[in-house]
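1. Need coordinates for the below:
(2 chains)
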Amino acid sequence: MILEMKDIIKEFPNIRALDDIDFSVDEGETVAIIGPSGSGKSTLLRCINCLTRVTSGKITLDGKTFVDAKPGGPLNKNHEAKYLPDKELLEICCETGMVFQHFNLFPHMTCLGNICYAPEKVKGRSKQEAEKRGMELLDLVGLADKRDEYPGRLSGGQKQRVAIARGLAMDPRIMLFDEPTSALDPEITGEVLNVMKKLANEKTTMVVVTHEMGFAKEVADRVIFMDHGAIVEQGSAEQIYGAPKSERLKEFLGSLIN
Amino acid sequence: MAYIAQIMPLLMKGTMMMAGLFALTLVIAIPLGLPIMFGSTCKFKVVRFLCKCYIWIFRGTPLLLQLFFFYYFPGIAFGIRFGAFPTAVFTFALNYAAYFAEIYRGGMNSIDPGQYEAAHSLGLSKHQTTYGIIIPQTLKVVLPPMSNEVITLIKDTALASVITLDELMRLTQGLVSRDVTLTPYLIAAGIYLLFTFIMTMISDRVEKHFSKYDSQGEW
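-> Below is the predicted model:
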């Protein structure tokens, strides 16, 4: 098991975003998280790499536990549990790569620069080493010819593919995707999904928050349906989309089709 | 023409003085704005309060008043008298650093929070994020307001004439009074215009350099 989250509670000032969630991911698994907006799926994803800090619960990534807090334990002024010190935390977070809805590429760096910056600075790789790996990754996402282009001159689909390559460049144990195609034109979501399918076929461990039913059906080993901060139902894509058990999921799927 | 040739050496001396004040102010104030900006956004209340007070005072009082104050204060309080030039540089640098700090702060605030999130997700430290990701992007944002301030500074140097600094304005004024002619004013105006023209050219160049990563067309 590469990721294990137990009894996760996340409270924002006036809402409980995650309500006692247990969630784990096996090596090589592709997990899709679906659910209505505000159901806590992005929050859950962001807890994995500490972009959001939980109120209580235990998270173990690649054998390292970075937070283990009981409900009612000491909290800081932002209402967050006690985590490992920042330095150790950053090292563990490096084991994840993240792709955002709005790409968040660094606009002042070329595509190759975006990909190579963290491996050079954080992992201390030489420029040649980082660039060699960077070119392999650009090749993988089909953008080798854009190596010296700035992100501002790429289309949304191209930006997102560079962002995937950037995430992969740190050789993460697990890739996190936060609605990677939601900001794209329907016509170009395909190019991003194809890259993600390729990764899934290579047994990259992935957690994908998505609205793309087709993608979830085709590549997800497991689909999780969340609502109101809780996991309502989970199972294979056939089970979730073909034979939903809970009323809430049936309702949600019904609204997708209409 | 003979008159112009005759007063030119004096005006050149004033121009050199003005250029020196201008350049030294920038060399000190541009870096000095950074710690003040970090201080005014820092999590320690006392530091934040002090930096905000600093900005408030230097932006809230006339530069002219500050010049007089720093010219006379050390003499009255400690019996030490600093020359007009060091006092002018000191005052201008403190004053402009306050403005620059606020420009930097605005620039930093304009950076999309997603940039910090992306940096965090790649394991970059706070230091690496600030200097590698945030500041380079801030540079581009602060360039237009900075060049505005720089051009204002060229003309503000004339204020230093009130503490007897022999810069362009004071020497010009002297010539006008002595010779009862407006010609020195015209020449001084030409010199100020030439300076602002050069600075505008430079800032256009720099802005153009930074625009290379702008988005193009419809994306």
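
2. burial measure for the closest residue to A:F106 other than its chain neighbours, as a count.
-> Spatial nearest neighbour of A:F106, chain neighbours left out: A:N114 (5.3 Å); criterion: CB to CB, 6 or more residues apart in numbering or on different chains. Where C-beta positions appear, they are placed from N, C-alpha and C, glycine not excepted. A:N114 is flanked by 26 other residues according to other CB atoms under 10 Å in any protein chain shown.

3. Give me the distance between A:F100 and B:P31.
-> Distance, A:F100 to B:P31, by CB to CB, to the nearest Å: 34 Å.

4. ditto for B:T41
-> 17 Å.

5. how far is stretch B:134-141 from where the chain is centred?
-> 18 Å (CA atoms, centre = their mean, to the nearest Å).

6. Convert it to CSV, retaining C-alpha atoms only.
-> Written as CSV, here are the backbone C-alpha positions of stretch B:134-141 (Å, rounded to 0.1, in the frame of the first residue of the first chain):
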residue,chain,number,x,y,z
ILE,B,134,7.8,34.4,-7.2
ILE,B,135,10.3,37.2,-7.5
PRO,B,136,11.1,36.7,-11.2
GLN,B,137,7.4,36.9,-12.0
THR,B,138,7.0,39.9,-9.7
LEU,B,139,9.7,41.7,-11.6
LYS,B,140,7.6,41.8,-14.7
VAL,B,141,4.6,43.1,-12.8
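
7. Helices of chain B, start to end?
-> Assignment of helices within chain B using DSSP state H yields the ranges B:2-40, B:45-60, B:63-78, B:84-109, B:113-121, B:126-128, B:135-156, B:168-179, B:183-210.

8. can you pull the buried residues of the third one?
-> Yep, that's helix B:63-78 we're talking about. Across helix B:63-78, burial judged by 16 or more other CB atoms under 10 Å in any protein chain shown covers B:63, B:66-67, B:70-71.

9. what do you get for the shortest one?
-> By neighbour count on 16+ other CB under 10 Å, the buried set for helix B:126-128 is B:Q128.

10. what's next to it, contact-wise?
-> A:86, A:121-122, B:119 (CB atoms under 8 Å, 6 or more residues apart in numbering or on different chains).

11. If we use 6 Å, what do you get?
-> With contacts defined as CB atoms under 6 Å, 6 or more residues apart in numbering or on different chains, helix B:126-128 is touched by A:K121.

12. quick one: it to chain centroid distance?
-> Centroid displacement of helix B:126-128 relative to its chain, using CA atoms, centre = their mean, is 27 Å.

13. Could you tell me the end-to-end distance of stretch B:112-128?
-> For stretch B:112-128, the first-to-last residue distance is 17 Å (CA to CA, to the nearest Å).

14. ok, and for it, which residues are buried?
-> By neighbour count on 16+ other CB under 10 Å, the buried set for stretch B:112-128 is B:115-125, B:128.

15. For A:Q160, give me its contacts.
-> Counted by CB under 6 Å, 6+ apart, A:Q160 has contacts A:103, A:180, A:192.

16. and if you look at A:K41?
-> Shown in contact with A:K41 (CB under 6 Å, 6+ apart): A:33, A:35, A:209, A:226.

17. What's the ChimeraX syntax to select whichever of those are buried?
-> Command for ChimeraX that selects the buried part of these, burial taken from 16+ other CB under 10 Å:
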select /A:33,35,209,226
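
18. picking that back up, pick out whichever of A:F100 and B:P31 has more residues nearby.
-> A:F100 (22 against 12).

19. got any ranges where the chain has weak pLDDT?
-> Defaulting to chain A. A:258 (pLDDT under 70).

20. switch to chain B, that's the one I care about
-> Those would be B:214-219, if you go by pLDDT under 70 across chain B.

21. what about A:M98, which SS state?
-> Under DSSP: H, G, I helix; E, B strand; the rest coil, the three-state class of A:M98 is strand.

22. Pull the number of nearby residues for it.
-> Residues near A:M98, counting by other CB under 10 Å, number 27.
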